[in-house]
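> turn this into a model:
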Amino acid sequence: MEIVKDEPMMTDDPQPPSKSSVRSSEYFQMTVKPLLEEGKDGELIDWLKDIGLLRRSQKCTNSECQGLKPMDWKRARIVDKFHWSCPACKKKASIRLDSPLADFHCSFKIILDTITAWCDGISLEEYTKENKSVKGVIAKRIYTTCTTVADWYMQSHPDLSYLGGENSVVLVDTFPEGCMTTTPHNNNYPKRVLCLADTSHMPARIWAHIVDKNLDYQKLTALVAEHVRIGSTIVASPALYPMLHGMKGMAEVISVEALMALDPADYQRSLKNLETIWKSTVSVCQDIQNMSTTEGEQILRELEWRQVFPSSLAEILHDIASYAASRSA
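Modelled structure (predicted):
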């Protein structure tokens, strides 16, 4: 890789959303918001059926009907405005029966509002504080479902964990001891995280994995080789460069120190650019320190999912439906 002094590395990592960004996505404004207006209950349920969050059909479970009678959905004085009704025996059932939304005991509006807040990166605490009408236990259940589904999606698509390739620059670093932030922090964090960032994507595509603090360099090298495609250019932190510089199949392996040598004496351009790229990753690495390894890995896969789908509302709704279908298959 030719290092050019006047062309800093990409700094496209998005800034954390402000409160005003909730419900700001084009998909929400154009597709979801109109369906939440007064009098649009029927259209909303039709749409939820179309995207797989409600069942398109339901058969009566009454033994007299023997499951042969398809149920109709009819208006009812309940929070969902409709329920299933058997035309033969008149048995009633929730419109949410056997659907991904069955466990969310609140209105469809609150469900969609909460999922949108999760997509916008609004913390659970901030969301419930700003929305007093939403029960914390319900919001937590919806947030947890979104994280679980994102985790499931990434594990179901292992190809997304392979980064780089020809003409791609992949950053390789470890948290907390690497060059991911210029802000002073505690290097004695209990969890060490190996982090890769493919800067050919906007935002940078991330893969991150919790590793043993005593993991030897040979095993770390194997992990990097497993997730970085042949032909990539690797930019490694000073601590990792000695073990990676001879990696076979890479276009080039350079050290962050080589970039820093080209910086103006009075400005840490390279470190500032790296800090911008790694910002969301550093935040997550800090958040998982007091979690179990299993929980931490799940949150890291959520981070990866968010980088793959930066405009994520339509995707998470689709993935929730797909996840539910896979569980019932």
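> could you pull up the residues touching residue 81?
41, 42, 45, 75 (C-beta atoms under 8 Å, 6 or more residues apart in numbering). From N, CA and C alone the C-beta is placed, and that goes for glycine too.
> can you pull the pLDDT of the second one?
Residue 42 is assigned a pLDDT of 90 by the prediction.
> ok, now which ones touch it?
81, 82.
> same thing but 10 Å
35, 73, 75, 81, 82 (C-beta atoms under 10 Å, 6 or more residues apart in numbering).
> could you list which of those belong to strands?
Counting by DSSP state E, the part of the contacts of residue 42 found in strands is 73, 75, 82.
> got a list of what the second one touches?
Each residue near residue 75 by C-beta under 10 Å, 6+ apart is listed here: 41, 42, 81, 82, 83, 85.
> so which of those residues is the closest to residue 54?
For these, the minimum distance to residue 54 (C-beta to C-beta) is 9.7 Å, reached by residue 82.
> how about low-confidence regions in the stretch 51-200 of the chain?
66-67 (pLDDT under 70).
> can I get the contacts of residue 81 in TSV with secondary structure?
Shown next, in TSV, are those (DSSP: H, G, I helix; E, B strand; the rest coil):
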residue	secondary structure
41	helix
42	helix
45	helix
75	strand
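> partners of residue 172 in the sheet?
Under the criterion DSSP bridges, residue 172 forms beta bridges with residue 196, residue 236.
> typo on my end, it should be residue 252
Residues in beta-bridge contact with residue 252 (DSSP bridges): residue 233.
> which one of the contacts of residue 75 is nearest to residue 60?
residue 85 (9.1 Å).
> tell me how many other residues surround that closest one.
For residue 85, the count of nearby residues is 18 (other C-beta atoms under 10 Å).
> could you find the closest non-adjacent residue to it?
residue 74 (4.7 Å; C-beta to C-beta, 6 or more residues apart in numbering).
> need the contact list for the one you found.
Residue 74 touches 82, 83, 84, 85, 87, 92, 95, counting by C-beta under 10 Å, 6+ apart.
> which of those residues fall in helices?
Of the contacts of residue 74, none are assigned to helices by DSSP state H.
> Serialize those to TSV and add fields for distance to residue 303.
Converted to TSV, the contacts of residue 74 look like this (distance: C-beta to C-beta, whole Å):
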residue	distance to residue 303
82	38
83	39
84	39
85	44
87	49
92	43
95	34
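> do a quick rundown of the strands in the stretch 51-200 of the chain.
Ranges of strands in the stretch 51-200 of the chain, per DSSP state E, counting those that start in this stretch, are 72-75, 82-85, 92-94, 169-175, 192-198.
> helices of the chain, start to end?
Counting by DSSP H, the helices of the chain are 26-27, 41-50, 108-119, 124-130, 136-156, 217-227, 241-244, 256-260, 269-287, 293-308, 313-328.
> about what we covered before: out of the contacts of residue 74, what pair is the most spread apart?
Taking C-beta to C-beta as the measure, the contacts of residue 74 have their most distant pair in 87 and 95, spaced 15.8 Å apart.
> alright, that wraps it up for me.
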